[in-house]
Structure formats: structure tokens, C-alpha cells
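Colleague: Here is my input; please provide its structure:
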Amino acid sequence: MATNYPEAFKPQSYMTSTNDKKALLSLIQGSEGIVWSESHTGWSFDSPIPHCQWSGITCRIGLNGGAEQSVITVIRLPNGGLSGTIPTELGLLSGLEELTLKGNLLRGSIPREVAGLKNLHTLDLTDCLLTGTLPQIFESPNLEKLLLGENGIQGNFFHEDTSPHLQSVKEVNLEKNLLTGTLHGSTLLKMQQLETLSLSENEISGVIPGKALGSLSNLQYLYLDANNLVGPLTAQLAQEGKAQLLELWLQSNSLSGTVPSSFVRFDKLHDFFIDGNKLTGALPPDICGPNINSDFFTEVPSDAERNYCDSIACPAGSVALEGVFPCSQCIGGDVAKRKNPYLGHKGECENWSQREILIMFYASTSKNGAWTGVNDWNDGSKGMCELTGIRCDGHGNVVKIDLRNRNLTGSIPDSLGFLPYLEQLDVSDNALTGYLPSDLRWTPLTTLDISGNEIVGVVPPLLCLKEELNGNGKDNIFRCNRVSCPLGTFNAIGRYEEGLNCKPCYDDHPFIGQKTCKQRHDLNGKFHWMEKDVEAVRNSTQNLNTSGRVGLGIALSFLGIALLKCVIARCVKQNPRRIYRNDVSNHSEDESDESEDEVLVNGIPHSPIEGSISSGRSAPVQCTDFIRGQQERSISKQGGFKKATKRAQQAIRSSVTNITNGAGRLIQNNASFGDSRMNDLQDEPFGSDLEMANSVGRGVECNSSQGEDFNHRGGSPASSGRSYRSESKVEQWKYSDLLDVPTIE
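Modeller: I've put the predicted structure just below:
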């Protein structure tokens, strides 16, 4: 019997794919899915309506063996009440160009099969209930819009710079997720078509890779607000001829330093927010103007006096509800400025006493209850200098806080950085979380121990540059790992000291300042070696008999030799312009390009502002020299067991490090200011400390406008605006607590 179809739904002459229909129907899940399908045209396996005419589906006609066949190109079902997960069956729709499911009740992660669609140009899964890890690779070389904001997606922002989508994507929206880790300059450099990048309201840490972002000449909208970014704003974010930003949101981070005058190049900028950071100095006046954040002045009479810079951030020594216009001056003149040194300060003027700061510290570090031991910090009847763990000088000023192993829980408050006489702080072996506040740079600290906690992120760069802190500044060399071993490393004290390097550790703990390493993972199938706690391994070897020791030594020898062959194979392929430098315990390799602006870590450009675990030797060596050095350290089967196992472990660490993307990746940071470029940067408002940090492995003379005076004994910033010259030397660091990426990812 002939079937009478409505005119609009008459079957077409071309072939249809049963598999395509099954793939579409996989979106219907559970009783909610059935209810949803009943309210949408088609969406049933026995529907007489061709699936290309179902609600939200678009097809094109192609040829298959001479016969016409429909190919699904668009699935557009926004805000439709779909419930369930994103089915893997959608990956069968090889011709799919757009998948828009935003505003639905979709749970789970983004399937690998969907990320593998090779013709996708739009993926919009905004405002669903997605979790899981952000896929590092999207296979489509045509992907232009990747919209995944307002979900619960975890993991790192893209660090796989070989993903096909990087060269085509124009809009990336990952705002309001749970992303962690750092931004990789090498990845961003591949995204030359990028116009919009929105990473607002995540948990991204590290520094802003300004050179990489500044090279994106199509970038117009950059949203990095409400993260955990630290470090300075780099002048190269606004590169000559490429500064096309219209909106730049950086508020609510922990950025430090000053605002570069190069930002004047953003002549089309109309939204610029930096409030709620740790920025100091003054805004370059040429940045301010009636077109920047003009919404703040809509209700201000046209003839009223305006300070256009206030619409970007209130000046130091003032506050506002949101850190921007209208601003209120703090009472107290220069003293108020020292106690309120930041641009765009929100809330109220700060004028804490030392006792008030200690009270705030106790409240912030007793989140799970009182500390162990004598607990008198909330005892108002005791004098400040009588509190347990406190030592004062002869004038009643707090100079030392020792609270090691007291079960502190919570985070170190920013206000602790405003204890004007604090020289020693030990909060090691507790359960502190959160980030290390850059405010500690205002204190005259000479000793800081945060090891053995659960602190995440990186050591703020300006804290790394604090003279005399844990021996920093000796011989004009500054290392961030003197403050704390970076993520993915450890040693017995949780920080670098002479002769005691931070060593790689491949466990799952995303913390800095670690003292132990629990185990080593299977490195993505590349290296199958599980190692429990290092000390336990050493202790267990003492029970081996002589033959067992010799056998184990020989086995480790062959394993080391095999891995060295892998190193040789990789080094032959290296760009001959790259050089290596021993680093991690003298057994990690650091590649450097001849460019003065960055170092290369296994082909990935990074800025040398980052600190290192340790530089085993200062002279760079060629790749062949590195191999020769490894061969010279190969295991001697006739040597003692301890010596053999030690050398085997050294060779293995070096080989694995080279094979698996090196011993960490540096964060793309400031441009590296070499001698030949200093004349071009005289107008930059960086302090001399930042100029020094940007030098590349050699002494430089800095003569720049000093926006703030870092008196390492006085502990307070002075707005003297003075200039001075400083000869400083900074090692070309490879591995640093500016890392937020494990050695093996």
C-alpha cells in the first residue's frame, strides 16, 4: 500500500544512511530523551520523515558510487532540553561541520570521537554540565569556533602544539570552567588566526605569555580575568604593527610590576581592566582617554572634571568598590600609599596593625580547626610577642614566625606581606593550600620555608627577585627554586640550596615545595618503570645478595644503554642551532635557540625569566657533547652497586627527560632584554629587577624608570620614581617554580 506523506516530507531520491540515523538517535537517552523527541519533528527511528528534515539537522547531497547520498553537516539543537551525555556515535558523522548543543543538560566529558571529527568548523557546547578533561587535540584543520564555556571542564589549556585545529581556530571560549596549569606560548604561536580568546574565571596560573599573544596580529578580544596569573605584564603583548586588541580583561589576578607604556599601541582599545591585581606604579597617561571604559562616565556631566585613568584602575593610595572610578583617596598621605600600594584596589583602605595581621593569619590558617600544640593566637589577653612561634625585636616588632608542623590548614593571607619587620617565616610541614602571595616581597624576609604543604601554582617572579631571600642575589644570581622547588620536583628540604638540587618527580601531586616523591608513572607507554618512594628503593637494595646486586647492575646497564640510543636518535633530528645545557641534578637537558628572546625546551620557546632547579654547569654544550657526556657516565659493570645504580638512574633520568618532552616546560613570559635592545626599552616602566630578570644569561646594565623602590630591608615600596643603574647576572634557567607543568605530562 502506498504511503501518503505530507508534501514537505516526501522521501527524496537520494540514498540515506541507516548509520547516520542511528548516530542522531543516540542523542535520545532515557525517559527525558523520549519526551524531548516527541516535541521535535522527526527524531524517531520509524519516522517517515527523512532524517535530513528532522528538527535541527542540515544535510548536503554527495555522490557515493555514482548514487546521490545525504551527508549530515549540521546538528543545531541549542537550549532544547536534551539530557544525557554526548554520544560517541556522533563521531561516525564524518561530514559533520557544525555541532551546536549549547544550553542543554549534557553531562560527562567530550568524547574523543567528537574531537576527532575532521570536517568540524563549529563546536558549541556552551553552558552544559560537561566535566572531564579538555581534549588536547581536535582533528579538524577547519575548526574556527570552539565554544566550551560555562561548564566544569578540567585540565590544561592546549599544550599540544601539533593539534590540527590550532592553525584554523578563530574563536576559543573556555570561560567559567575549571582549567588549571599554565598558558603555553608555543601553542599560542600556532594560533595565528585567533581573534577571540576567553579564559575568564578559571584557575589558570603562571605568567602571561605576552610575546606569543602579542604576535597574534588578528587577536582582538582577550579575556584572562579571574584566574591566578602572576608576574609582570610584558611590553611585547603590544607589538609594533600587531597591537589590534579591542578588549583586554586582566582584572582579578595577582599580576605584579607596572603597566608598560607600549600599551599605547593599543590605539583601538575600548575595554581595558586591570583592577584587583598587585600592579604598582602609575598608568602611562597616554593609555588613558575618553574612549577607554567610557561606560563609567555615562552619568558624569560632560563639563565635570574627569581622570580618565581612574576608569582603568584607581591609583595607589586609593580604593573603590570595584577598583575603578569613582575612587576615594586613603587618609595618611605617603604612609597610606605604602600600605595600599596597588592599582585598582577594591574595598576599603588598609591600615592594619601587626597584631591585626596576625589575627587574620590565624583565621586564614585554621580553616579545619585549631592548630596543634599550644594554641594561643586567638587569646586576646596575651601580648603579641608572647604568642607561640613569634619572636620580636627589642622594639616589639615581629621579626620571626615559626609554625612548622602545626597542622595549619587554609592559605597564607596576602596581608602577611605587610608585616614591616618580618625577616623569617617558617610554615613548613603543614596542610596549607592555595597560592604563595606575591605580597611577601614587601617584607624584609631573608628566610622563607613553605615546604611540605599543598601550595599550588608558581612562585611569583618578583618574590624570586627579592634580594637575600634564601640566599638569592648572591653573585647577582636569582633563582625561584631557592624559594621553593617547582611543581614536578622535590628534594629533602623542598627548595634549592648549594649542592642540593630539586629533582624531577612524576607523581600526581600538583604542589610546589615537595620533600618526597611517592612514585613514578608509566610515561604514556614510553617508559615502563614504576618507582615507589626513592628512599624505600635505596633501602630495599641493601637486602640484595652479591649476585643479585651484580645482576641488577647489569640489567640497569642494558636499560640505560637502550634509552641512550633513543636519545641519540632524537638528538640527530634536533635543529643544529639548538644547544643543550645540563640542569636537573646535572642530568637534564636545556635547549636554547640563538634568539635572545627565548630559550627552547624540546622545540618549545619559553622565556628565560623562569628559575631553574639548578644549573649544573654554565657553559652550553652541543647535542653531541651531551651524548658523549651521557656515554661517559654510562654504567660500569665492574663498579660498586651503589655507584652503578646511581649512574644508571642518572642516565635514565636524562634519557627519559629528553624522550618525553624534556624536564619541564618554561612558561612563555616577558621578552628577554639583551644588551642590543636596551636602548629601545628606556621608556618602559619596569623596575630594574625586571630588567635584570629579562637579561639572557649575561650581565646587563639597566637604566630604566623605576616605578617602585624595592628596599629589601625596609620592606615597603616607595614611589620615588628614581632611576639607577644595576649590573646583574641571571642564569639562563630551564626548570623553575614558574612551571605549572609536570616534567612528564
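
Colleague: If you tally nearby residues, what's the number for Asp295?
Modeller: 9 (other Cβ atoms under 10 Å). (Each C-beta comes from the backbone N, C-alpha and C, glycine too.)

Colleague: cool, the one 10 residues further on as well?
Modeller: When counting by other Cβ under 10 Å, one arrives at 6 neighbours for Glu305.

Colleague: In a strand, it, correct?
Modeller: No. Going by DSSP: H, G, I helix; E, B strand; the rest coil, the assignment for Glu305 is coil, not a strand.

Colleague: Pull the contacting residues for it.
Modeller: When contacts are counted by Cβ atoms under 8 Å, 6 or more residues apart in numbering, Glu305 touches no other residue.

Colleague: Tell me how far it lies from Asp275.
Modeller: Glu305 sits 21 Å away from Asp275, going by Cβ to Cβ, to the nearest Å.

Colleague: Ok, Leu387 next?
Modeller: As for Leu387, its distance to Asp275 is 35 Å (criterion: Cβ to Cβ).

Colleague: try Gly369
Modeller: 35 Å.

Colleague: One more: Gly108?
Modeller: Gly108 is 37 Å from Asp275, by Cβ to Cβ.

Colleague: out of these two, which sits in the busier spot?
Modeller: Set side by side, Gly108 and Asp275 show more neighbours around Asp275, with 21 against 14, by other Cβ under 10 Å.

Colleague: got a pLDDT number for the more buried one?
Modeller: Looking at Asp275, its pLDDT is 96.

Colleague: who are the neighbours in contact with it?
Modeller: 251-252, 312-314, 320, 322-324, 343-346.

Colleague: go with 7 Å
Modeller: Gln251, Ala313, Glu322, Gly323, Val324, Gly344, Lys346 (Cβ atoms under 7 Å, 6 or more residues apart in numbering).

Colleague: List only those of these flagged as buried.
Modeller: Gln251, Ala313, Gly323, Val324, Gly344, Lys346 (16 or more other Cβ atoms under 10 Å).

Colleague: Once you drop chain neighbours, what's closest to the first one?
Modeller: If I follow you right, that is Gln251. Counting by Cβ to Cβ, 6 or more residues apart in numbering, the nearest residue to Gln251 once its immediate chain neighbours are dropped is Phe273, at 4.2 Å.

Colleague: what pLDDT does Val398 get?
Modeller: 98.

Colleague: Same question for Gly707.
Modeller: pLDDT, read off for Gly707, is 35.

Colleague: can you check the one 10 residues further on too?
Modeller: We have a pLDDT of 35 for Pro717.

Colleague: now Cys623
Modeller: Taking Cys623 on its own, its pLDDT is 32.

Colleague: same thing with Pro87?
Modeller: With respect to pLDDT, Pro87 has a value of 97.

Colleague: nearest spatial neighbour of it, skipping sequence neighbours?
Modeller: For Pro87, the spatially nearest residue (Cβ to Cβ, 6+ apart) is Ser26, at 3.7 Å.

Colleague: can you tell me how far that neighbour sits from Ile75?
Modeller: Look at Ser26 and Ile75: by Cβ to Cβ, they are 11 Å apart.

Colleague: Specify which residue of those two has the higher count of neighbours.
Modeller: Neighbour count, other Cβ under 10 Å: between Ser26 and Ile75, Ile75 has more, with 20 against 17.

Colleague: Am I right that that one is in a helix?
Modeller: No. Per three-state DSSP, Ile75 lies outside any helix segment and is strand.

Colleague: Tell me the bridge partners for the residue nearest to it when sequence neighbours are not counted.
Modeller: Excluding its sequence neighbours, the residue lying closest to Ile75 (Cβ to Cβ, 6+ apart) is Leu99, at 5.2 Å. Leu99 forms beta bridges with Ile75, Leu123, as assigned by DSSP bridges.
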